[in-house]
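Asker: The sequence and its predicted three-dimensional model are supplied below.
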2 protein chains.
Amino acid sequence: MRFRTLAAVLVVLVVPFAWQALASRQATNVSLVIANGIVVTVDGDRRILNPGSVAINGSEILAVGTPAAIAGQFRASETIDATGKVVMPGLINTHGHAAMVMYRGLGNDLALMDWLQKYIFPAEAKTVSPEFVRIGTRLAALEMIQSGTTMFADMYYFEEEVARVTREAGLRGVLGQTVIEFPVPDAKTPADALKRAEAFAQEFARDELITPSIAPHAVYTLDAATLTAASNLAKKYNIPLQIHLAETQTEIGMSQERHKMRPVALLDSLKFWAPVTIGAHGVWITPDEIKVLMVRNVGISNNPESNMKLASGTAPVVGYRSAGVNVGLGTDGAASNNDLDMFEAMRQAAFQQKLVNMDPRVISAPEALELATIGGARVLGQQAHIGSLERGKRADIIIVNMDRARQTPLFDPVSQIVYVTRGDDVDTTIVNGKVLMRGRKVLTLNEARVLADARQAADLVRKAVGQ
Amino acid sequence: MRFRTLAAVLVVLVVPFAWQALASRQATNVSLVIANGIVVTVDGDRRILNPGSVAINGSEILAVGTPAAIAGQFRASETIDATGKVVMPGLINTHGHAAMVMYRGLGNDLALMDWLQKYIFPAEAKTVSPEFVRIGTRLAALEMIQSGTTMFADMYYFEEEVARVTREAGLRGVLGQTVIEFPVPDAKTPADALKRAEAFAQEFARDELITPSIAPHAVYTLDAATLTAASNLAKKYNIPLQIHLAETQTEIGMSQERHKMRPVALLDSLKFWAPVTIGAHGVWITPDEIKVLMVRNVGISNNPESNMKLASGTAPVVGYRSAGVNVGLGTDGAASNNDLDMFEAMRQAAFQQKLVNMDPRVISAPEALELATIGGARVLGQQAHIGSLERGKRADIIIVNMDRARQTPLFDPVSQIVYVTRGDDVDTTIVNGKVLMRGRKVLTLNEARVLADARQAADLVRKAVGQ
């Protein structure tokens, strides 16, 4: 008995040291370690490691832990020192039209229909071409990488150009060819658009970073047959559906006039919903409709800045969350925002919900951060792979400066992220383990060239609207 | 007759050339020309000169004109090339508590009373000292200069420290010693506070950049006698009054309980108003009260971010403007914002008003810009001297970068200023003709030292709230 006790004590005392020695000798080789940052994991426990390190091999996060633990377990080909900086999941923009950065600031402060009819539609009719979409999406990709967005949902025209630029930039995307009933630059009829959408789904079916999707525009711009056909394509290829959903009161009126039903009821009656459906905006939604969205597993993209600037209204984000509906954040196109900064989207989501619910406690900083990361991942059906810093997930990570005067002092990293940080504070952007920006230098796009091309293409826009 | 006609023709033909030649030979020497920028004057005609130049001598703007006209008329000791950059009036922050940057991000997303009682009041009681106020105000001044604020209104404790730092930093300020009924770090009683306020008014009576003011805290923290005494001080020295006015519904209730009147009625019955009165927030104000404020020439400081984050409500900015009440913008203290960026204040003011009025046309970009410049100048009683780029006004000017990806393309400078620009885009900050920041380097404060001091002082705050 004595001997066994002694042996047990020895095991307890010695084994950890021996294991550590062994581990450090047998350290695993990894491609990248981000060392010694303030690691905001956005995992289920909202863990913050301060300091903390992240070990990445190839595209995968192998471990998140204390600097000592990570240094003991892993030997890195490359180490990024993140001392004093926040290390957090890349931001996920769940709704937008990337190439519309080309119409940034074109017509402002107008009633929605005036703005669309005097500026956006004429500009689109005369300017949208494969080249224009390529130039615009490159500008958007540059802005997204610079502001810490690592994944974005997109619906526009010539979406194959969007997809190619997404690959070139190294971003992750859920991309969908717009299906709309009136003639647009890449399709004369909804049938054309559906054909293009299917071809797009096939072309990008097996891409590591791109998830093709089907993007019927909205219930007020499509008839029931086309909505159903679009839904069937999504189901056939088992890919996400994206649709503008209950964005404005006008849309509700148009839906009732045309379809004799509100948007959610119409889509439910058509069995429209796919396994992953992204409802963009979801502003004018009743409590009963929230239940339908929950049961049908429809995710909502909340676009606070667009909804405020266009006076569209306030999405019931608090109601969605308490009903268990997945909610993420989006910027919408830059024409109605006017930028793609997801840090501002977090701030605005919190501000708008606090104001409208008359309660400063709702959409707290940790909740706003979740909306922009894991919440967005859930909306896009990607929560198994991204949205938080956890072992086994893809390495979509940003490193954010926290040393500016306006970020001083630093009491609470999450409050600082949501209430004072901006896209410009992002130092490093990593997608799928690949560094896209480091020290604010974008490595996958030629910034000067992208800006020069965009400025030149802007002349087409000026001409189109007679400015 | 013939001769006279010939002579007349000669005069018409020759005199302009001769005058120009003479003028260029007799060019006026000036201290500074800002050349070749996109000059957004914010004058009565909303003139934009693209390109344009501004000639400054000493503290005064001598002329705003085309680059050729300015080059012809003036010879500058120093020229700043502003090609591609916006040249605009410095931003005016009409309400805040500068030193509260030291509590930035301390407690968030709490009900107002919880936040105040668990975080702010205990922190203030244990940390506020002359040195703490000096360190905090330096940090705030650094942030303001870096984000293009050239004038600010302030009410806090140990306001003489605020004033000294304001001088040191080179900023313009309307500064007031807080008068409040409960014991605070610089005054045990309201009588003490009034004494300090009067001493402060005397000490800074003849300062070029500082306008002393009297700052009774609010109707719910002061009795009628102290409110009247504070008002009398302002009238005696002919200086502005600052007061928190109808910020929250709770305040209205407290006013009715204590004074049997709503705040505006109470102050009107006391003949409280001075020639310049700044009502901070002005959220819960009825249409009838708007009329009173108009007649009494009370200016309102709209603080959209603080009002949204704390869920205080929405000020009737549209109503104020159509009634002719002067409105400016403020950030409030950074503890409830969480920064001092007046570009964000412009954006938020526009967003909040559009949302709540359900009209995207209200508070357009040009109006939001006016709120942050000439509107603020009017609220502070300084419109004769600052708030726009016009001949004879003081040279409070900022030069703002417009070349970022998120600012591309540039269709409309004012839309870009309001909807996508941030404090960090400010390149150069000039107050009273003196360059305080150039190429983002602050010249009047030692940035590293200011940040280090603030980080050290933050430990006091952590200790005070037990973190």
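Answerer: Everything's here; your move.
Asker: ok, and the nearest residue to A:Glu447 once chain neighbours are set aside, which helix or strand is that part of?
Answerer: Leaving aside its sequence neighbours, A:Glu447 sits nearest to A:Leu142 (C-beta to C-beta, 6 or more residues apart in numbering or on different chains; 6.1 Å). C-beta: built from backbone N, CA, C; applies to glycine. In this assignment (DSSP states H and E), A:Leu142 forms part of helix A:130-146.
Asker: which helices and strands sit right next to that helix?
Answerer: helix A:159-169, strand A:426-431, strand A:434-438, strand A:441-442, helix A:447-464 (3 or more C-beta pairs under 8 Å, 6 or more residues apart in numbering or on different chains; DSSP states H and E).
Asker: Would you mind finding the most buried of the ones you listed?
Answerer: strand A:426-431 (a mean of 25; mean count of other C-beta atoms under 10 Å in any protein chain shown).
Asker: so where's chain A uncertain?
Answerer: Within chain A, the stretches with pLDDT under 70 are A:1-25.
Asker: ok, the residue nearest to A:Glu447 touching A:Thr444?
Answerer: No: A:Leu142 is beyond contact range of A:Thr444, at 9.3 Å (criterion: C-beta atoms under 8 Å).
Asker: check whether the lengthiest strand in chain A contacts chain B.
Answerer: Assignment by DSSP state E gives strand A:28-40 as the longest strand of chain A. No: Strand A:28-40 is not in contact with chain B by C-beta under 8 Å from any C-beta of the partner chain; minimum separation 13.3 Å.
Asker: what are the pairing partners of that strand, and which direction each?
Answerer: As defined by DSSP bridges, the strand partners of strand A:28-40 come to strand A:48-57 (antiparallel), strand A:74-81 (parallel), strand A:86-89 (parallel).
Asker: Do me a favour and get the backbone dihedrals for A:Val418.
Answerer: The phi and psi values for A:Val418, taken as degrees, to the nearest 10, are phi -80, psi -40.
Asker: For A:Lys291, the count of nearby residues, please.
Answerer: A:Lys291 has 14 neighbouring residues, counting by other C-beta atoms under 10 Å in any protein chain shown.
Asker: The helix or strand hosting it packs against which elements?
Answerer: Element membership for A:Lys291, per DSSP H and E: helix A:287-295. Applying 3+ C-beta pairs under 8 Å, 6+ apart, one finds that helix A:287-295 makes contact with helix A:263-269, helix A:317-323.
Asker: between A:Leu142 and A:Thr444, which one's more packed in?
Answerer: Each of A:Leu142 and A:Thr444 has its neighbours counted (other C-beta under 10 Å); A:Leu142 has more, 28 against 18.
Asker: and the more buried one, what does it touch?
Answerer: A:Ala169, A:Val442, A:Leu445, A:Glu447, A:Val450, A:Leu451, B:Ala405 (C-beta atoms under 8 Å, 6 or more residues apart in numbering or on different chains).
Asker: quick revisit: any figure for the gap between the residue nearest to A:Glu447 and A:Glu257?
Answerer: To A:Glu257, A:Leu142 is 42 Å away according to C-beta to C-beta, to the nearest Å.
Asker: Stretch A:273-282 and chain B, any residue contact?
Answerer: No: judged by C-beta under 8 Å from any C-beta, stretch A:273-282 stays clear of chain B, getting no closer than 13.8 Å.
Asker: what sits up against that stretch?
Answerer: A:94-95, A:153, A:174, A:213-214, A:231, A:234-235, A:238-247, A:267, A:293, A:296-303, A:306-307, A:312, A:315-316, A:320, A:330, A:332, A:379-381.
Asker: Can I have the buried ones of those as a PyMOL selection?
Answerer: Burial among these is assessed by 16 or more other C-beta atoms under 10 Å in any protein chain shown; the matching PyMOL selection reads:
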select buried, chain A and resi 94+95+153+174+213+214+231+234+235+239+240+241+242+243+244+245+246+247+267+293+296+297+298+299+300+301+302+303+306+307+312+315+316+320+330+332+379+380+381
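Asker: Mark which of the contacts of stretch A:273-282 are part of strands, please.
Answerer: Using DSSP E, the contacts of stretch A:273-282 in strands are A:153, A:174, A:213-214, A:241-245, A:298-302.
Asker: Same list, the residues you listed, but as TSV with distance to chain B please.
Answerer: Converted to TSV, the ones in strands among the contacts of stretch A:273-282 look like this (distance: C-beta to the nearest C-beta, whole Å):
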residue	distance to chain B
A:Ala153	19
A:Val174	22
A:Ser213	26
A:Ile214	30
A:Leu241	28
A:Gln242	24
A:Ile243	23
A:His244	17
A:Leu245	19
A:Val298	24
A:Gly299	23
A:Ile300	18
A:Ser301	18
A:Asn302	14
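Asker: Could you identify the most distant pair in the residues you listed?
Answerer: Pairwise distances across the ones in strands among the contacts of stretch A:273-282 peak at 21.5 Å for A:Ile214 and A:Asn302 (criterion: C-beta to C-beta).
Asker: Pull the contacting residues for A:Glu160.
Answerer: By C-beta under 8 Å, 6+ apart, the neighbours of A:Glu160 are A:Gln177, A:Phe200, A:Glu203, A:Phe204.
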